[in-house]
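K.L.:
just coords:
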Ligand SMILES: [Zn+2]
């Protein structure tokens, strides 16, 4: 057995060797060893890690997770990982951050270096003897992409370090942010718009897009800038004592740093600077999303160290969400996959917190009423972090006389079926569930699912291909697929056999039950149990189609809202067309032989405990369908108690009163006698 310290030393050596050869290979384009030798190093490291998983080094190149770089750029391992910062969002959290630091540095004076938190892309620059060798994106913090070619086109970024008045280190790794200043961003977008090309939503996206250009000529044409904020490595050591000295030293080497920077002697002063910059933010030349607070003294930084992957000596102090005012130009209704109609306000594009916002969801008609937003109104739009933009308020004082009140549309904007919204429901829906193109995928998925028509083999992959070929406009088209056998055979990887299996499965599904068929229609609120109740109550599809609201409500398990959904479903003319086509294609079921059986008529049952195969509601409904009354308490009149897991006092009482008890298995067998 090796000593732990020896294992770590070996691991470190291997990691460094691999990084060195990566550098020679990727950056210098001069491999120093053969691929085979490289693989050996890699496997040697892996073997050690498998043997001593507890000693796994955080920067090991064998273990890369998340944030995979694009395949087109070469991947580079950061010798010093690029860490992320913790966040604070208000004064209280800022002061807590400072308290934690001061507790760890008793009797020491702590000063804070306060910098702008630039909203760009972090990169790392590697200089050898004053010459820029490579630039790498942050990537996942462990590995990034080699974007040297593009980095070299950034005008304010030194390709050679200036050696006056400081000495140039042999090795220098500088960290900083690439971004597009506001002015350059506006010019770029204006120029792109004039050429009819794509514009960017915000300066950050524009900078990211430019840095990732494989053609450095394009990157060169983009107004990018680099601002240094730290030193990752320096050999020989620079001998500097503090952050603010480091920044100054970097400017002497030729780097630009962000336009504001403060040295604060107390956390209260940090708070003041934060408030000051919030005021100045619109006038800055670049987008920022907060401030970065660092302990200024480098020795103190070392003493504080890291908590997991975040430095204890630094934090990001984020700005609150931004708000901007703009005009509602229109309100469109979008139809979701389940038929929900969502109002979306089309806005005059406006920059909110650095992002151009031109649409904002209004959620539902209730929200429109609550806000009293009308087409033509001025609204405040608000954004917080990555959260989607929201309408904060409407400005009625700016309302023009021709502002239009928003109405729920009467017909679906996609399929023109009636739109319905039962009282008490928040969301309006398109009633053309079987026909509506917006709901097509969900309708088909549901129709073929196991508890519906159970067409095994018509999985998502098929459905996608068939939709793509326009062979499935609605569920009835499923029964015409056999007419397109040649097309089906042409679908990638679909052999003769799988096509025949599919056609057979479709053919077999034609014989079904009324309950399954009703369930398959995907009527809102009509699950498996309700479908069974409806089949039991109405006996034929014709009777169900003609049922009025009162008749529907008499069905067990059908409340006011579900009754209305059912009625509206059968009132949508397009649904009826699809139904007719389904029946014409040969879907059929046996007519019920006996009238509704209610073998438990008048009996009182109790369900208690947890059932593993169904909810207690489901059990209740199924008993009700058989005519039983389901009661919440056990009495001498109780006919039977269904007891699941963890049944408590009700079971005790049943035993005391000598009332029959069924366990879940017995109950399922009992139901099976009656249910089809
Ligand atoms: Zn529709």
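P.N.:
Structure received. The model shown is predicted, which means the values in this text are computed figures rather than measured ones. Numbers count the residues shown, from 1 in each chain.

K.L.:
for the rest of this, base every contact and every neighbour count on C-alpha atoms.
P.N.:
Noted.

K.L.:
got a list of what residue 546 touches?
P.N.:
With contact set as CA atoms under 8 Å, 6 or more residues apart in numbering, residue 546 has no partners.

K.L.:
any idea of the mean pLDDT for stretch 126-133?
P.N.:
Over the span of stretch 126-133, the pLDDT mean works out to 91.

K.L.:
kindly report the same for stretch 226-241.
P.N.:
Rounded mean pLDDT across stretch 226-241 is 93.

K.L.:
ok, now stretch 407-416?
P.N.:
Rounded mean pLDDT across stretch 407-416 is 94.

K.L.:
other SSEs contacting the longest helix along the chain?
P.N.:
For the chain, the helix that runs over the most residues, judged by DSSP state H, is helix 4-22. Using 3 or more CA pairs under 8 Å, 6 or more residues apart in numbering; DSSP states H and E, the elements in contact with helix 4-22 are helix 35-51, strand 75-77.

K.L.:
tell me which residues in that helix are buried?
P.N.:
7, 8, 11, 12, 14, 15, 16, 18, 19, 21, 22 (16 or more other CA atoms under 10 Å).

K.L.:
what is the nearest of those to residue 229?
P.N.:
residue 19 (24.1 Å; CA to CA).

K.L.:
just give the nearest non-adjacent residue to residue 408, would you?
P.N.:
residue 365 (6.7 Å; CA to CA, 6 or more residues apart in numbering).

K.L.:
repeat that for residue 653.
P.N.:
Per CA to CA, 6+ apart, closest to residue 653 is residue 634, 6.8 Å.

K.L.:
for residue 624, give me its contacts.
P.N.:
Contacts of residue 624 by CA under 8 Å, 6+ apart are 556, 630.

K.L.:
wait, a strand at it?
P.N.:
No: read with DSSP: H, G, I helix; E, B strand; the rest coil, residue 624 is helix and lies in no strand.

K.L.:
from the ion, how far off is the residue nearest to residue 496 when sequence neighbours are not counted?
P.N.:
Using CA to CA, 6+ apart and skipping the chain neighbours, the partner closest in space to residue 496 is residue 489 (6.4 Å). Residue 489 is 32 Å from the ion, where distance means CA to the ion, to the nearest Å.

K.L.:
what helices and strands are in contact with the helix or strand residue 489 falls within?
P.N.:
Using DSSP states H and E, residue 489 maps to helix 485-490. When contacts are defined as 3+ CA pairs under 8 Å, 6+ apart, helix 485-490 packs onto helix 496-508.

K.L.:
who does whichever helix or strand comes after the helix it packs on pair up with?
P.N.:
Once helix 496-508 ends, the next helix or strand along the chain (criterion: DSSP H and E) is strand 511-512. Partners of strand 511-512 in the sheet, by DSSP bridges, are strand 588-589 (parallel).

K.L.:
just the mean pLDDT for the strand it pairs with, thanks.
P.N.:
94.

K.L.:
over to stretch 320-337?
P.N.:
pLDDT averaged over stretch 320-337 gives 88.

K.L.:
may I see the buried residues of stretch 41-48?
P.N.:
For stretch 41-48, by 16+ other CA under 10 Å, it's 41, 42, 45, 46, 48.

K.L.:
likewise stretch 456-474?
P.N.:
457, 458, 463, 466, 471, 472, 473, 474.

K.L.:
out of the buried residues of stretch 41-48, flag the one nearest to residue 72.
P.N.:
residue 42 (22.4 Å).

K.L.:
could you measure from that closest one over to the ion?
P.N.:
In terms of CA to the ion, residue 42 sits 57 Å off from the ion.

K.L.:
go ahead and confirm residue 115 touches residue 292.
P.N.:
Yes: counting by CA atoms under 8 Å, residue 115 does reach residue 292; the two are 5.1 Å apart.

K.L.:
can you tell me the SS state at residue 515?
P.N.:
helix.

K.L.:
show me what contacts it?
P.N.:
528, 531, 532, 533, 534, 535, 536.

K.L.:
now do 7 Å
P.N.:
Contacts for residue 515 (CA atoms under 7 Å, 6 or more residues apart in numbering) come out as 531, 532, 535.

K.L.:
among those, which are located in strands?
P.N.:
Using DSSP state E, the subset of the contacts of residue 515 located in strands is empty.

K.L.:
let me know the closest of those residues to the ion.
P.N.:
When the contacts of residue 515 are compared for distance to the ion (CA to the ion), residue 531 comes out closest, at 22.6 Å.

K.L.:
go ahead and confirm that closest one touches residue 518.
P.N.:
Yes: with contact defined as CA atoms under 7 Å, residue 531 and residue 518 form a contacting pair (5.6 Å).

K.L.:
hang on, the earlier thing: farthest pair within the buried residues of helix 4-22?
P.N.:
7 and 22 (22.3 Å).

K.L.:
show me the shaky parts of the stretch 251-400 of the chain.
P.N.:
321, 353-354, 384-387 (pLDDT under 70).

K.L.:
confirm for me that residue 403 is in contact with residue 377.
P.N.:
Yes: in terms of CA under 7 Å, residue 403 counts as a neighbour of residue 377; the distance is 6.4 Å.

K.L.:
who's more crowded, these two?
P.N.:
residue 377 (24 against 13; other CA atoms under 10 Å).

K.L.:
ok, now which ones touch that one?
P.N.:
327, 328, 394, 399, 403.

K.L.:
wait, what's in contact with the third one?
P.N.:
I take that to be residue 394. 371, 373, 377, 378, 379, 380.

K.L.:
and the second one, how far is that from residue 588?
P.N.:
Which is residue 373. Distance of residue 373 to residue 588, computed by CA to CA, to the nearest Å: 50 Å.

K.L.:
those two - which one has more neighbours?
P.N.:
Set residue 373 next to residue 588 and count neighbours by other CA under 10 Å: residue 373 wins out with 26 against 16.

K.L.:
the stretch 301-450 of the chain: helices as residue ranges?
P.N.:
With DSSP state H, counting those that start in this stretch as the criterion, the stretch 301-450 of the chain has helices at 365-371, 440-448.

K.L.:
would TSV of these with mean neighbour count be doable?
P.N.:
What follows is the helices of the stretch 301-450 of the chain, written out as TSV (neighbours: other CA atoms under 10 Å):
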stretch	mean neighbour count
helix 365-371	14
helix 440-448	21
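
K.L.:
distance to residue 144 added to those helices, as JSON lines?
P.N.:
Converted to JSON lines, the helices of the stretch 301-450 of the chain look like this (distance: least, CA to CA, whole Å):
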{"stretch": "helix 365-371", "distance to residue 144": "44"}
{"stretch": "helix 440-448", "distance to residue 144": "39"}
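
K.L.:
out of the ones you listed, which gets nearest to residue 180?
P.N.:
Of those, nearest to residue 180 by CA to CA is helix 365-371, at 36.7 Å.

K.L.:
centre of the chain to that closest one, how far?
P.N.:
26 Å (CA atoms, centre = their mean, to the nearest Å).

K.L.:
also stretch 189-209?
P.N.:
On CA atoms, centre = their mean, the centre of stretch 189-209 falls 25 Å from the chain's centre.

K.L.:
residues in contact with it?
P.N.:
119, 120, 121, 179, 180, 182, 185, 224, 354, 355, 356.

K.L.:
mind listing which of these are in strands?
P.N.:
Filtering the contacts of stretch 189-209 for strands - DSSP E - leaves 121, 179, 355, 356.

K.L.:
widest-spaced pair of those residues?
P.N.:
121 and 356 (18.8 Å).

K.L.:
between those two, point out the one with more neighbours.
P.N.:
With neighbours defined as other CA under 10 Å, residue 121 and residue 356 compare such that residue 121 has more, 19 against 15.

K.L.:
please name the bridge partners of the more buried one.
P.N.:
residue 178.

K.L.:
need the contact list for it.
P.N.:
Residue 121 sits in contact with 177, 178, 179, 208, where contact means CA under 7 Å, 6+ apart.

K.L.:
among those residues, show me the least confident.
P.N.:
residue 208 (85).

K.L.:
roughly how far is the helix or strand containing that residue from the heart of the chain?
P.N.:
Counting by DSSP H and E, the element that carries residue 208 is helix 203-211. Centroid displacement of helix 203-211 relative to its chain, using CA atoms, centre = their mean, is 22 Å.
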